[in-house]
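A.B. asks: Need the 3D shape of this:
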Amino acid sequence: MTCGACAMKVEKSLNTLGGVRATVNFATETARITVEDGVTTEQLVAQVEKAGYGARLVADTTPEMLDKETNERVAMLRTRLMVSLIAGVPVTALSMIPALHFSNWKWWALALSLPVVVWGAAPFHRAALMNARHRATTMDTLISIGIIAAMGWSVWALVWGNAAEDHSGMSMTSSEIDHIYMEVAVAVTIFLLAGRYFEARAKRRAGDALRSLLALGARTATVLRDGDEVLIDASAVQVGDLIVVRPGEIIAADGVVREGSSSVDASMLTGESVPVDVTVGGNVTGTTVNLTGRLVVQATRVGAESTFAQMARLVRDAQATKAPVQKLADRVSSVFVPTVIAISVVTFVAWWWFDGDVSKAFTAAVAVLIIACPCALGLATPTA
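C.D. replies: I've put the predicted structure just below:
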């Protein structure tokens, strides 16, 4: 998802299923869903895919997977931003500073602009195309149309208009020259890529709390099977299993001590740095650390029923819950893009009808699209 309208679209798609109440949080890219009996996970995933997106259960996602996906997204956006800056800054400088002009500078500006508009802005174009296939509009639709319109007009003015001609020494007025707007397409791309990059970094920081919490859990556990110690995955521990916990190891599940005595570091639960002494018959909590002696713990609560899993669920639910103001923003975003596109079309028709100058009409229409692109919002929101 790339904007609040995307989250709103997925939420609407899920809520069309009978017996489903869903809330989609754009910031965490998660959905909190309440379902009635008879609704399967496959139906929910299919409904999300029908809206043009992908989904998987949170339980199937490990902290390593989250870190890898987030880091790849941040790295991709950083690369696109750096390349766009290297190619785009000269274009903006040439367009804005007449003293830098030289023979055929507009063609050089075109050559530098194309990688920015085509490759740098590819995430916006790809998302806009995907939404168009599903007969929907998001902020990416507005961005893509604005960039393509500004660049498309510039190419037309250079190839078929008189923008490429050297007008120095000629008596042509500014209104008689076909203007180009390559710096507009380039600048919008750079600003919005910067916003997406900072936003991705902010999302990564927002998810660090949950990932750090999930990383505290044990990965493996040593259990007794017919008197032998067997190393298994921590998720495979069942209620009643006898878990062998040596000094320095993480206790894999909530349970009762059946053999041994030791001190346990429970600071991750209580915040208290003083170790807790446990002995036979005492209760221990999963993810706490055995410090001194060997323990044999009989599991009483495992998986989603463990204290650790419930803590993680509370954090996840808190991140997935929408504030009232966010719900209002989602409602606004669902009608914002179509409204802006309609205003842009009306602006073009009105200028063309009353002025008769296609160039002026197109300039005004593109201006409506560009000023509606959320450059300031894309930069200010994640930074705040």
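A.B. asks: after the helix or strand where residue 44 lies comes which helix or strand?
C.D. replies: Assigned by DSSP states H and E, residue 44 belongs to helix 41-50. Sequence-wise, the next helix or strand downstream of helix 41-50 (DSSP H and E) is helix 63-96.
A.B. asks: Low-confidence regions, the stretch 201-350 of the chain specifically.
C.D. replies: Scanning the stretch 201-350 of the chain for pLDDT under 70 picks out 206-215, 316-334.
A.B. asks: My error: substitute the stretch 1-150 of the chain in the last question.
C.D. replies: Short version for the stretch 1-150 of the chain, where the test is pLDDT under 70: 1-5, 26-28, 58-64, 66.
A.B. asks: Recalculate using a threshold of 80.
C.D. replies: 1-9, 11-13, 17-19, 23-32, 35-43, 49-70, 131, 133-139 (pLDDT under 80).
A.B. asks: follow-up on the earlier one: output the contacting helices and strands for the helix holding residue 44.
C.D. replies: Applying 3 or more C-beta pairs under 8 Å, 6 or more residues apart in numbering; DSSP states H and E, one finds that helix 41-50 contacts helix 4-15, strand 30-35. To be clear about C-beta, it is placed using only N, CA and C from the backbone, and glycine gets the same treatment.
A.B. asks: Could I get the buried residue list for the helix or strand that the first one is followed by?
C.D. replies: Past helix 4-15, heading to the C-terminal end, the next element that is a helix or strand (DSSP H and E) is strand 20-25. Buried positions in strand 20-25, judged by neighbour count with 16 or more other C-beta atoms under 10 Å: 20, 22-25.
A.B. asks: can you state the direction angle for the helix holding residue 44 and strand 20-25?
C.D. replies: 50 degrees (axes from the mean of the first three to the mean of the last three C-alpha atoms, to 10 degrees).
A.B. asks: residue contacts, residue 266?
C.D. replies: Going by C-beta atoms under 8 Å, 6 or more residues apart in numbering, residue 266 touches 272, 275-276, 285, 288.
A.B. asks: rerun at 10 Å
C.D. replies: Going by C-beta atoms under 10 Å, 6 or more residues apart in numbering, residue 266 touches 251, 272-276, 278, 284-285, 287-289.
A.B. asks: on that earlier part again, please save the CA atoms from the helix holding residue 44 in CSV.
C.D. replies: Taking C-alpha atoms only, helix 41-50 is exported to CSV below (Å, rounded to 0.1, in the frame of the first residue of the first chain):
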residue,chain,number,x,y,z
THR,A,41,-8.5,-17.4,5.9
GLU,A,42,-8.3,-18.2,2.2
GLN,A,43,-11.5,-16.1,1.6
LEU,A,44,-9.9,-13.2,3.4
VAL,A,45,-6.7,-13.4,1.4
ALA,A,46,-8.6,-13.8,-1.8
GLN,A,47,-10.6,-10.7,-1.0
VAL,A,48,-7.5,-8.6,-0.5
GLU,A,49,-6.0,-9.9,-3.7
LYS,A,50,-9.2,-9.0,-5.5
